[in-house]
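Asks: Below: sequence and its predicted model.
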Amino acid sequence: MSDLFEVLEGEYSNNEQVWQRALDGEHPLAKQHWTWSVTSGRSLSLSVTQGQSPSAPQFIFEFGLTHEGARSEVRFMDGTSTRCAYAWSKSAEGFEGRLEEDASCAEPLPTLWRIDGEFLTITPAGASGEGEATRLRARRVSYYKGWIALPRQSIDERAADDDYLFLSDLRAHDEGFITPILDQGQPTGYAVELARLTYQNTGIAVLKLGIIEEATGETLAYSWANPGAALIGINLRWVQCGFTSLSQKH
């Protein structure tokens, strides 16, 4: 079980899948965030939420060993039953957890989990078959710390040349995390996004740092680096920012 826990523990987001489907004009997907946390030598907690950040844990997976691998019974955080259990086994890529045939799970628990160390692939309950079109594909997130500097003349032409808005000790992950640029809690109209994306024309995966106009959602400018880069930044004079990786694990 320790191998399974080590591979599964972490946060995952399907941001790139959401972005790609929108780019292809397909039926939109909700952006979701899954967080697995080890709570003991035999259990993991799970939170499932929409958006870009984790929520409080909703489920506890209690694991036990079987002849075939491992089995987990799932309970709500208050200890009540979900009538749900999974059989876990090793696969060529990592591990998979398959819903037991007589189980009936609470939403949003799926019929199948697959984990390979980087991607969490999820077959939702009620999906027709296990084809790629029905699966949710979520990648392990990595966190960055950062700063943003914005001359106040960018938002108020009456401001002095040396009057800067400076935000520090920011924390963002690399799966489409959007940080609004706030001035004493008030919106400036701009935001910064970190996102791992694969461009269609080249097939090249990048870590993108974008400056967003909040009113339109348009990316006004961006820079990029390799996925997992230790450092990424941009200097447009009217806005500057930089982010440094907090972890090299992917």
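Replies: Yep, that arrived.
Asks: is it fair to say residue 16 lies in a helix?
Replies: Yes: assignment of residue 16 by DSSP: H, G, I helix; E, B strand; the rest coil places it within a helix.
Asks: Next up, the contacts around the residue nearest to it when sequence neighbours are not counted.
Replies: In space, residue 16 comes closest to residue 197 once its chain neighbours are excluded; the distance is 5.9 Å by CB to CB, 6 or more residues apart in numbering. (C-beta placed from N, C-alpha, C; glycine too.) When contacts are counted by CB atoms under 8 Å, 6 or more residues apart in numbering, residue 197 touches 16, 19, 205, 206, 208.
Asks: And residue 197, how close does it get to residue 148?
Replies: For residue 197, the distance to residue 148 (CB to CB, to the nearest Å) stands at 21 Å.
Asks: same question, residue 68
Replies: Note on residue 68: its distance to residue 148, by CB to CB, is 51 Å.
Asks: Looking at those two, which is more packed in?
Replies: Neighbour totals were compared for residue 68 and residue 148, and residue 148 leads with 24 against 10 (other CB atoms under 10 Å).
Asks: beta partners of that one?
Replies: residue 167, residue 241 (DSSP bridges).
Asks: rewinding a little: check the residue nearest to residue 16 and give its pLDDT.
Replies: Per-residue pLDDT puts residue 197 at 95.
Asks: go on, residue 157?
Replies: Confidence per residue is given as pLDDT, and for residue 157 that number is 83.
Asks: what's the burial count for it?
Replies: 7.
Asks: which SS class is residue 85?
Replies: Applying three-state DSSP to residue 85 yields a three-state assignment of strand.
Asks: which residues does it form a beta bridge with?
Replies: For residue 85, the beta-bridge assignment (DSSP bridges) gives partners residue 73.
Asks: Residue 103 is in contact with that one, correct?
Replies: Yes: with contacts counted by CB atoms under 8 Å, residue 85 reaches residue 103, the gap being 5.3 Å.
Asks: just to revisit the earlier point, quick check, the residue nearest to residue 16 in a helix?
Replies: No: the assignment for residue 197 (three-state DSSP) gives strand, which keeps it out of a helix.
Asks: Could you check how far it is from residue 23?
Replies: Shown here: residue 197 relative to residue 23, a distance of 10 Å by CB to CB.
Asks: Repeat that for residue 121.
Replies: Distance check for residue 121 against residue 23: by CB to CB, it reads 20 Å.
Asks: the helices in the chain, which residues?
Replies: Secondary structure of the chain (DSSP state H): helices located at 2-8, 15-23.
Asks: Tell me which of the ones you listed approaches residue 38 most closely.
Replies: Each of the helices of the chain was scored for nearness to residue 38 using CB to CB, and the closest is helix 2-8 (5.5 Å).
Asks: so residue 55 sits right up against residue 46, yeah?
Replies: No: proximity of residue 55 to residue 46 does not meet the contact threshold set by CB under 8 Å, at 10.4 Å.
Asks: These two: which has the busier surroundings?
Replies: For the pair residue 55 and residue 46, the greater number of neighbours falls to residue 46 (18 against 12), based on other CB under 10 Å.
Asks: I'd like to know how many residues surround the closest residue to the more buried one other than its chain neighbours.
Replies: For residue 46, ignoring the flanking residues on the chain, the nearest one in space by CB to CB, 6+ apart is residue 59 at 4.5 Å. Other residues near residue 59 number 20, with proximity taken as other CB under 10 Å.
Asks: Okay, and the beta partners of residue 59?
Replies: Bridge pairing for residue 59 - DSSP bridges - gives residue 46, residue 76.
Asks: what's the answer for residue 172, then?
Replies: Bridge pairing for residue 172 (DSSP bridges) gives the partners residue 144.
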